[in-house]
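*Asks:* build me a structure from this.
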Amino acid sequence: MRTFEQISADVDAAIAISDAATLMRLAIELDELATPEATALAHRARGMACYYTGDYPSALEHFNSALVLFHELGNRSGVASVTGNIGNVYASTGDFPAALEHYNSALALHHELGDRRGVAIVTGNIGNVYASTGDFPAALEHYNSALALNHELGNRLGVAFVTGNIGIVYRSTSDYPAALDHYNSALALHQELGNSSGVALVTGNILLVLLSTDDVDRARQTLSALDELLVDDPGVAVEREIGRAMIHVLDGDLQAAHTTLANALELAKTHGLRAQQADVCKELRNLAQKRNDFAAYIEHNNEYTRTNEEVRGADAKLKMAMQAKEREIANERMETAKHMAVLHSTLPKHIADRVARGETVNDHIDNAAVLFLDIAGFTTLSSEMDVTEVVALLDRVFATCDTVANKHNMMKIKTIGDSYMCVAFDDVSSAAFAALEMIQSITEVRVRIGLHCGHVVAGVLGKERLQYDVWGDTVNVASRMESTGEPGRIHISSGFALALHGETAKQRSGEQEFCTVVERGEIEIKGKGMMTTHWLEPS
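*Replies:* Numbering: from 1, shown residues only. Sure, this is the predicted structure:
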């Protein structure tokens, strides 16, 4: 029996080329594994197979089952992918506001996960929504963004699909030369990649362009090529039959054209393709006129008028719904941006991002280096200064500390009065570099610095006013190092000195040692008793 990872890779490959039959086979393999992860992926595989064959109700049922399981498993990547898949179903059935809502949710998740490939796919799908609703400038904007990202990622299949979609925009605006240029580029890529479904899709689009430009000979050749392909997509099949009927009319075989269009109409009705249903009725009406069949003309004209009005009426409602959904999404983005701005103003960026993803931030770090700094004689100094001058002084001192901490990859934790605290996670030498630079950079006042390292617990505290804090005995000892130190000096524990010696304490730009550790001797440390401590000095 193959592993979940092996089958999962095959599912991704089959989805990429719209291989419905392979997806159904892989779903059975996943069922045999009988794990929650495999069951979730099996539902997604079956959903994609149903989607590719036009069975949208079954596709939606499987996708929703997969979504529930991925949520339960905490698989955010799976949630993002399936949310986008559900958007595809809604887009295919004409519910574009629902499609846009799901696409934007999926896009946000892919961005959070750093999944640029997912971002490219969903961005292209959003372009499809705008193209389908006639907003061609917005469609091209999204297509071009998706195309650029697919090129960056080297995703040639993505490039092929987006290029073909750009061709659809140009065909819709009657720029047939540009449409054919894009279709031919997309076709060549699909053929090179062996993607038969992509080849069928683009070939069907080329057929309609050729007939629109009266290039009948090439249209016949294109139809013959399309007949040799396996066409699962019902939309492609309807377009193919419309093209076939148009060629029958040009050949004078009106009965064959009628039979072909009747089959196309049934296919469009079966899959709920209302816009294409109206197109077929229009062709049947025109054909009845050529056949002098007045009764059929009235019948098909009435059906065309009714269906077209339903579609046009739906379009008006759709545009209103789209505008409402876009406003809703814009408001949600604005609220999210405000929320993130607040988080970033109170928390380090990578911690804020974790909070925004809904994580409970509770970290255990085995060897954190904690630095405390305070201004010697600050109480006396501040009593002799104007309040404005005191605030300005603290601002300058702490701004210098922030700059140095950032330079040496230390995280600022907080300031309390004239005291500054920052932490280096698993990098003792960075804390030593930072301490030495702070002592040398802060010249207006004399400061004391204390350093200790060891295990700490860190997490986000509070509800309204969030703060990322670090606590534990290591923090207490570092604070004691600072409070028992001397102005203008760096006081370190034996533990910090030992850890610093254990690392390669060399100047980053050379081989000489960047600091010297001088033993201070034993002193009384509150809560710890007698401890041997040291001074850290530049070499």
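*Asks:* okay, now the unreliable bits of the stretch 151-300 of the chain?
*Replies:* Low-confidence segments of the stretch 151-300 of the chain (pLDDT under 70): none present.
*Asks:* where do the helices sit along it?
*Replies:* Here the stretch 151-300 of the chain has its helices, by DSSP state H, counting those that start in this stretch, at 156-172, 176-193, 196-212, 216-227, 234-251, 254-270, 274-290, 294-346.
*Asks:* any idea which of those helices gets closest to Ser479?
*Replies:* helix 294-346 (22.4 Å; C-beta to C-beta). Quick note: C-beta positions are derived from backbone N, CA and C, even for glycine.
*Asks:* I'd assumed Leu451 was in contact with Val477.
*Replies:* No. Val477 is beyond contact range of Leu451, at 9.5 Å (criterion: C-beta atoms under 8 Å).
*Asks:* these two - which one has more neighbours?
*Replies:* Comparing Val477 with Leu451 by other C-beta atoms under 10 Å, the one with more neighbours is Leu451, at 31 against 24.
*Asks:* on that earlier part again, as TSV, the helices of the stretch 151-300 of the chain with mean neighbour count and distance to Ala34 would be great.
*Replies:* Shown next, in TSV, are those (neighbours: other C-beta atoms under 10 Å; distance: least, C-beta to C-beta, whole Å):
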stretch	mean neighbour count	distance to Ala34
helix 156-172	22	32
helix 176-193	19	34
helix 196-212	22	31
helix 216-227	16	42
helix 234-251	21	34
helix 254-270	18	35
helix 274-290	21	41
helix 294-346	14	39
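*Asks:* for Val79, find the nearest of these.
*Replies:* Nearest of those (C-beta to C-beta): helix 294-346, 17.1 Å.
*Asks:* tell me the first helix or strand C-terminal of that closest one.
*Replies:* Sequence order places helix 349-356 as the next helix or strand after helix 294-346, per DSSP states H and E.
*Asks:* now tabulate the helices of the stretch 151-300 of the chain in JSON lines and tack on distance to Thr533.
*Replies:* Formatted as JSON lines, the helices of the stretch 151-300 of the chain follow (distance: least, C-beta to C-beta, whole Å):
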{"stretch": "helix 156-172", "distance to Thr533": "60"}
{"stretch": "helix 176-193", "distance to Thr533": "67"}
{"stretch": "helix 196-212", "distance to Thr533": "70"}
{"stretch": "helix 216-227", "distance to Thr533": "83"}
{"stretch": "helix 234-251", "distance to Thr533": "77"}
{"stretch": "helix 254-270", "distance to Thr533": "83"}
{"stretch": "helix 274-290", "distance to Thr533": "80"}
{"stretch": "helix 294-346", "distance to Thr533": "34"}
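*Asks:* for Asn367, which of these is the nearest?
*Replies:* Among those, the nearest to Asn367 by C-beta to C-beta is helix 294-346 (26.5 Å).
*Asks:* flag every buried residue along the one helix or strand His43 maps to.
*Replies:* Per DSSP H and E, His43 falls inside helix 36-52. Neighbour counts using 16 or more other C-beta atoms under 10 Å place 37-52 of helix 36-52 among the buried residues.
*Asks:* of those residues, closest to Thr259?
*Replies:* Of all the buried residues of helix 36-52, Thr259 sits closest to Tyr52, with 26.9 Å by C-beta to C-beta.
*Asks:* what's near enough to touch the closest residue to the closest one other than its chain neighbours?
*Replies:* Leaving out its chain neighbours, the residue that sits closest to Tyr52 by C-beta to C-beta, 6 or more residues apart in numbering is Ala20, at 4.3 Å. Shown in contact with Ala20 (C-beta atoms under 8 Å, 6 or more residues apart in numbering): Met48, Ala49, Cys50, Tyr52, Thr53, Asp232.
*Asks:* who's in contact with the last one?
*Replies:* Read it as Asp232. Contacts of Asp232 (C-beta under 8 Å, 6+ apart): Ser18, Ala20, Tyr52, Thr53, Gly54, Ser197, Ala200.
*Asks:* ok, the fourth one to Ile7 distance?
*Replies:* It refers to Thr53. Remark: distance between Thr53 and Ile7 (C-beta to C-beta, to the nearest Å) = 21 Å.
*Asks:* residue with max distance from the center of the chain?
*Replies:* Distance from the centre of the chain peaks at Asn292, with 56.9 Å (C-alpha atoms, centre = their mean).
*Asks:* the residue nearest to Asn362 when sequence neighbours are not counted: how many residues sit nearby?
*Replies:* Nearest non-adjacent residue to Asn362, counting by C-beta to C-beta, 6+ apart: Gly459, 4.6 Å away. By other C-beta under 10 Å, 15 other residues sit near Gly459.
*Asks:* report the buried residues of the helix or strand harbouring Gly459.
*Replies:* In this structure, Gly459 is located in strand 447-461 according to DSSP H and E. Neighbour-count burial for strand 447-461, with 16+ other C-beta under 10 Å as criterion, is recorded at Val447, Arg448, Ile449, Gly450, Leu451, His452, Cys453, Gly454, Val456, Ala458, Val460.
*Asks:* what's the answer for stretch 468-483, then?
*Replies:* Result for stretch 468-483 [16+ other C-beta under 10 Å]: buried residues 468-470, 472, 474-482.
*Asks:* Asp251: which of those is nearest?
*Replies:* Looking across those and measuring by C-beta to C-beta, the closest to Asp251 is Tyr468, at 75.2 Å.
*Asks:* show me the shaky parts of this structure.
*Replies:* 309, 311-346, 348, 350, 356-358, 464, 503-513.
*Asks:* quick one, phi psi at Asp233?
*Replies:* phi -70, psi 120 (degrees, to the nearest 10).
*Asks:* touching, it and Tyr56? I think so.
*Replies:* No. Using C-beta under 8 Å as the test, Asp233 is too far from Tyr56 to be in contact (11.9 Å).
*Asks:* list of residues touching stretch 33-47?
*Replies:* 1, 4, 7-8, 11, 14-15, 23-24, 26-28, 30-31, 58-63, 65-66, 69-70, 72-73, 75, 78, 81-82, 85.
*Asks:* quick check: Pro487 touching Gly377?
*Replies:* Yes. If you go by C-beta under 8 Å, Pro487 and Gly377 touch, sitting 7.5 Å apart.
*Asks:* common neighbours of the two, please.
*Replies:* Arg446.
*Asks:* just the buried residues of helix 36-52 now: which is nearest Ile523?
*Replies:* Nearest to Ile523 among the buried residues of helix 36-52, with distances taken as C-beta to C-beta, is Glu37, at 56.8 Å.
*Asks:* now the closest one: how far from Val68?
*Replies:* In terms of C-beta to C-beta, Glu37 sits 13 Å off from Val68.
*Asks:* before we move on, back to that, would you mind giving the contacts of Ala20 as TSV with distance to Leu189 added?
*Replies:* Putting the contacts of Ala20 into TSV (distance: C-beta to C-beta, whole Å) gives the following:
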residue	distance to Leu189
Met48	21
Ala49	24
Cys50	26
Tyr52	19
Thr53	24
Asp232	20
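*Asks:* for Ala288, what are its contacts?
*Replies:* Phe294, Ala296, Tyr297, Glu299, His300.
*Asks:* what about the third one, distance to Ile86?
*Replies:* Put plainly, it is Tyr297. Tyr297 is 42 Å from Ile86, by C-beta to C-beta.
*Asks:* just want the most central residue of this protein.
*Replies:* Mean-position check on the chain, C-alpha atoms, centre = their mean. Result His110 at 1.8 Å.
*Asks:* so what's the closest residue to it other than its chain neighbours up against?
*Replies:* Spatial nearest neighbour of His110, chain neighbours left out: Gly118 (3.5 Å); criterion: C-beta to C-beta, 6+ apart. By C-beta under 8 Å, 6+ apart, the contact set of Gly118 is Ser77, Ala80, Ser81, Gly84, Ala106, Leu109, His110.
*Asks:* quick one: buried ones out of these?
*Replies:* Ala80, Ser81, Gly84, Ala106, Leu109, His110.
*Asks:* which SSE is the fourth one in?
*Replies:* Spelled out, that is Ala106. helix 96-113.
*Asks:* next structured bit after that helix?
*Replies:* Per DSSP H and E, the first helix or strand lying C-terminal to helix 96-113 is helix 116-132.
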